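# what follows is a predicted protein model with its sequence.
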2 protein chains.
Amino acid sequence: MGLRQERWLGPDGESEHPVLEFPDWVDVVALTSGGEIVLVEQYRHPVRQVRLEFPAGAIEPDEPPLAAARRELREETGFVSDRWQRLGSAWVHPDVQSNRIHSFLALDARRIADQALDQGEMIRCVRLPFAVFVERLERGEVELPALQLAGLYLMTARLRRSAQGWLPALRARGGP
Amino acid sequence: MGLRQERWLGPDGESEHPVLEFPDWVDVVALTSGGEIVLVEQYRHPVRQVRLEFPAGAIEPDEPPLAAARRELREETGFVSDRWQRLGSAWVHPDVQSNRIHSFLALDARRIADQALDQGEMIRCVRLPFAVFVERLERGEVELPALQLAGLYLMTARLRRSAQGWLPALRARGGP
């Protein structure tokens, strides 16, 4: 992460504007064939809490977003999928940051290995029935980072519009 | 905004962790009685584009979140509302930031004044039928910051669960 001050000419003359430089990020809504969502729980120091999140991370140099999503899911949870869908992407927060987040859906996710964590990472993999997860989230019993709720919005929008085979299947399992 | 390095003792020994300090933020989904959403468009230097966003901003010291939401809506668009609902709040990005975003819904929003912009702010107020906005968003023709999609997710979740009077009315106007 980098923070630099940029000067630019705005309506009020030249001014300084802080710009946070991050690589683009990915996050993954990973669902098993049994209708569970695969989540991760880890200590987040800025808020001094253990937090529940979608598997997520930063894209490496020259890495395509989907490859980064596959890698992060595999490393953080040991899960893989052969059925990936791109949910969409968005600028994270254009007022101060220059990066985008790319959200993916991984269907029929299955665990094939142990986690492969970076040095110093301590992540617990958590599985919940997707319908239970959504219910707890909407009741405020669990909470995701705001920028990960974007992925969930894009997914529910896609579900509303989709007539693909996995939609009735997810619904039958109590999904959205 | 502040950036500081914190040392903390993790599983891998003591390490440095960057923490971005921001005040909490608010954003507002503002709907008129005619079924329009009130948005703002402004130049965002980190991404070098004019971007469409919900009215939003930072909470001032000792300011309650709702008061900040009212103030930002009024300042950025000239709109006010007497029917506010809290949509929810979430940590923005607990990996690097220590602040939360609070999302509000403002119903029957009406324009009572001109914008009251800060020195150097240049913001265009944009109104769109809400159904058109959602359709363009989901087709990728317009895009919100990821962290503002959180507010939209919380709103659609609330709409799904709500049996209040304004839900059938919004639906009749082609809303979600």
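Now that the structure is in, tell me what you want to look at.

# what about the nearest residue to A:Leu147 once chain neighbours are set aside, how many residues nearby?
In space, and not counting its chain neighbours, A:Leu147 is closest to B:Ala146: 4.4 Å by Cβ to Cβ, 6 or more residues apart in numbering or on different chains. Quick note: C-beta positions are derived from backbone N, CA and C, even for glycine. Taking other Cβ atoms under 10 Å in any protein chain shown as the criterion, the count of residues near B:Ala146 is 33.

# what about chain A, any weak spots by pLDDT?
Confidence mapping of chain A against pLDDT under 70 gives the ranges A:1, A:8-12, A:162-176.

# top strand in it by residue count?
For chain A, the longest strand by residue count, based on DSSP state E, is strand A:100-111.

# how far off centre is the next helix or strand after that strand?
Once strand A:100-111 ends, the next helix or strand along the chain (criterion: DSSP states H and E) is strand A:123-129. Distance of strand A:123-129 from its chain centroid, counting by Cα atoms, centre = their mean, to the nearest Å, is 14 Å.

# so which elements touch the following helix or strand past strand A:123-129?
Per DSSP H and E, strand A:123-129 leads on to helix A:130-139 as the next helix or strand towards the C-terminus. With contacts defined as 3 or more Cβ pairs under 8 Å, 6 or more residues apart in numbering or on different chains; DSSP states H and E, the secondary structure elements packing on helix A:130-139 are strand A:36-44, helix B:146-161.

# distance to B:Glu14 for these - can I get that in TSV?
Formatted as TSV, the entries for the helices and strands packed on helix A:130-139 read as follows, by distance: least, Cβ to Cβ, whole Å:
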stretch	distance to B:Glu14
strand A:36-44	14
helix B:146-161	31
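
# mean neighbour count, these: which tops it?
When neighbours are counted by mean count of other Cβ atoms under 10 Å in any protein chain shown, the highest per-stretch mean among these falls to helix B:146-161, a mean of 23.

# if we can go back for a sec, figure out which of the helices and strands packed on helix A:130-139 is closest to B:Leu137.
Within the helices and strands packed on helix A:130-139, the stretch nearest B:Leu137 is helix B:146-161; the backing value is 7.8 Å (Cβ to Cβ).

# taking helix A:130-139 as reference, get the angle to the closest one.
100 degrees (axes from the mean of the first three to the mean of the last three Cα atoms, to 10 degrees).

# what sits against the most centrally placed residue in chain A?
Geometric centre of chain A, nearest residue: A:Asp27, 2.3 Å, by Cα atoms, centre = their mean. The contact partners of A:Asp27, taken as Cβ atoms under 8 Å, 6 or more residues apart in numbering or on different chains, are A:Glu53, A:Phe54, A:Pro55, A:Ala56, A:Ala69, A:Ile101, A:His102, A:Ser103, A:Phe104, A:Gln148, A:Gly151.
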